[in-house]
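1. predicted model and sequence follow; I will ask about them next.
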Amino acid sequence: MAPPPAALLLPALAALLAAPAAARAPPRSIAVVGAGLGGSAVAYFLQQHFGPQVQLDVYEAAAVGGRLATLTVNKQQYESRGASIHALSLHMQDFVKILGLKHRREVAGKSAIFSGEHFVLEETDWYLLNLFRLWWHYGISFLRLQMWVEEVMEKFMRIYKYQAHGYAFSSLEELLRSLGGDAFINMTQRSVAESLLEVGVTQRFVDDVIAAVLRSSYGQSVLVPAFAGAMSLAGAQGSTWAVEGGNKLVCSGLLKLTKAKVIAARVTGVSLHSSEGRALYQVHYEGSEGQGSAFYDMVVVTTPLHPSRSNFTFKNFEPPITDFPGAFQPSVTSVVHGYLNSSYFGFPDPKLFPFASILTTDTPDLFFNAMDNICPVNISAAFRRKQPQEAAVWRVLSQQPLDKQQLKTLFRSYYSVQVTEWQTYPRYDAAKSLPPIVLHENLFYLSSVEWVASSMEMIAVAAKNVALLAYNRWHQDLEKIDQKDLMHKVKTEL
């Protein structure tokens, strides 16, 4: 007897129900605004997740690399900013391996902290003597600092496990909460000085050492929020490295690897349209050939959205995208090729000056934040650091351009001065709320992370988060966004 028609249909129906829903086609095109580390990293991560068939257009008005830039002195290249990378920067480590780059050879040099009148702390060649000096001046404050920073970093490192499992966060608050609970949120609302005093670090240590590190990294005071301060202090007390040939090679390498199209133009705005019932974004730009525009399924903005930094407009969005509060800290880098005036630092004989790096306390009369005797981005095996009585290349960080009298104070004479003025970091204000990551359905703001803390690895982490967030939202995989108790989830997935 032939089976009834229903019996023939049941296996086919069961197979149909068991089959997974058809995956949504990937975006046809994605625009990335900015070709610094954030732009190049997010382009790489987006291609990793969506696949090589997606068209990636990266807009950059200046040079690829952004703040990772070099200057030429006597036919040698030197880092102007973004000089060092922390050993725990796992994404940056991965980029270097993937691109076949190398770590630059380290050249030892001692540091000191200058008050404007004398050195309050001097590093020596002997590790135990350095520890003794810290203990003699500040008691166990340096140990309490180390424990505090290590606790923050241990929790921060969870982000790599979360990202390896494909989890993403739609806001900075959710990201911070997943790593360190409400304690991490609170660290964006109170100063690093307040947090350190609370764990038993002395006021003197804060005034001398913590202030010097923050002036060197952010050009700001100990009133910066605790989380940003912890990231800066982690870089100061941990081992660091740099890329041979210049850190900017990471950016150009990632863009070349992804075969992204780099468009030499300044993006002036984004307007919202719709196509087949979904959002479509029109990117407006100005280049050497005039104004133009192009349409994209997705846009990632990696440049700061602030009136002082960019004249950027959003059109047709409801509610409107307009409010980006806060301000940016002016920062000046002066790369000087000359002879150090060691007498200003209390060393009449320049041959006896032992320091390659000078940090400063927060003293009103001091006109510079830090200075260091820098090495070129390519270091041969025979390279040696210049002796203090020789002409060397110094990088001086300050909040205002140095005038001739100030240059004369720091240098007996000099051959050249190259000045770069930046608005590098947010002017950290604990009272401000954190900017959004998601501006619209498929419109993301990567640079918002800098209001939590600004470093190469924070930007790389944010790039991975935005790529995962974009991918999970595109495919409606809500189980991978803003999940609670992620440490437990990740352990059970192992």
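-> On my side now, so go ahead. Residues are numbered from 1 along each chain as shown.
2. quick one: Leu486 from Ile437, how far?
-> Leu486 is 17 Å from Ile437, where distance means CB to CB, to the nearest Å. All C-beta spots, glycine's among them, are computed from the backbone N, C-alpha and C.
3. what number of residues lie near Phe328?
-> Phe328: 16 surrounding residues under other CB atoms under 10 Å.
4. what bridges to it?
-> Listed beta-bridge partners, Phe328: Pro426 (assigned using DSSP bridges).
5. quick check: it touching Thr424?
-> Yes. With contact defined as CB atoms under 8 Å, Phe328 reaches Thr424; the gap is 7.4 Å.
6. between Leu486 and Ile437, who's got more neighbours?
-> Applying other CB under 10 Å to Leu486 and Ile437 shows that Ile437 carries more neighbours, namely 23 against 19.
7. the stretch 51-200 of the chain: strands as residue ranges?
-> Assigned by DSSP state E, counting those that start in this stretch, the stretch 51-200 of the chain shows strands spanning 55-59, 70-73, 76-79, 85-86, 110-114, 119-122.
8. least reliable of those going by mean pLDDT?
-> Note on these: strand 85-86 shows the lowest mean pLDDT, a mean of 86.
9. which strands or helices does it pack on?
-> The contact analysis (3 or more CB pairs under 8 Å, 6 or more residues apart in numbering; DSSP states H and E) places strand 85-86 against strand 240-241, helix 456-474.
10. could you list every residue that touches Met147?
-> The contact partners of Met147, by CB atoms under 8 Å, 6 or more residues apart in numbering, come to Val199.
11. roughly how far does it sit from Ile140?
-> Here Met147 is placed at a distance of 10 Å from Ile140 (CB to CB).
12. chain center to stretch 254-273: distance?
-> Centre-to-centre, stretch 254-273 and its host chain are 20 Å apart (CA atoms, centre = their mean, to the nearest Å).
13. what comes up buried for it?
-> Of all the residues in stretch 254-273, those buried under the rule 16 or more other CB atoms under 10 Å are Leu254, Leu255, Thr258, Ala260, Val262, Ile263, Ala265, Arg266, Val267, Val270, Ser271, Leu272.
14. please export the C-alpha coordinates of that stretch as PDB.
-> Extracted C-alpha coordinates of stretch 254-273, given in PDB (Å, rounded to 0.1, in the frame of the first residue of the first chain):
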ATOM      1  CA  LEU A 254      46.200  46.700   8.500                       C
ATOM      2  CA  LEU A 255      44.700  48.800   5.700                       C
ATOM      3  CA  LYS A 256      46.900  47.100   3.100                       C
ATOM      4  CA  LEU A 257      46.000  43.600   4.600                       C
ATOM      5  CA  THR A 258      42.300  44.300   4.300                       C
ATOM      6  CA  LYS A 259      42.700  45.900   0.800                       C
ATOM      7  CA  ALA A 260      40.500  48.800   2.100                       C
ATOM      8  CA  LYS A 261      40.200  51.700  -0.300                       C
ATOM      9  CA  VAL A 262      41.700  54.800   1.400                       C
ATOM     10  CA  ILE A 263      40.000  57.900   0.200                       C
ATOM     11  CA  ALA A 264      42.000  61.200   0.700                       C
ATOM     12  CA  ALA A 265      39.100  63.400   1.800                       C
ATOM     13  CA  ARG A 266      37.600  65.000   4.900                       C
ATOM     14  CA  VAL A 267      34.200  63.800   5.800                       C
ATOM     15  CA  THR A 268      31.900  66.700   6.600                       C
ATOM     16  CA  GLY A 269      28.800  64.700   7.600                       C
ATOM     17  CA  VAL A 270      26.400  61.800   7.400                       C
ATOM     18  CA  SER A 271      22.800  61.900   6.300                       C
ATOM     19  CA  LEU A 272      20.200  59.200   6.800                       C
ATOM     20  CA  HIS A 273      18.200  57.600   4.000                       C
END
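15. same question for it, mean pLDDT?
-> The average pLDDT within stretch 254-273 is 96.
16. what do you get for stretch 33-42?
-> 97.
17. can you pull out the residues in contact with that stretch?
-> With CB under 8 Å, 6+ apart as the test, stretch 33-42 has contacts from 32, 58-60, 64-68, 82, 91, 95, 250-252, 254-255, 260, 262, 267, 283, 299-303, 446-447, 456, 459-460, 462-464, 466-467.
18. need the distance between the two termini of it.
-> Taking CA to CA, to the nearest Å as the measure, stretch 33-42 stretches 10 Å from start to finish.
19. isn't there a helix covering Tyr414?
-> No. Counting by DSSP: H, G, I helix; E, B strand; the rest coil, Tyr414 is located in no helix; its state is strand.
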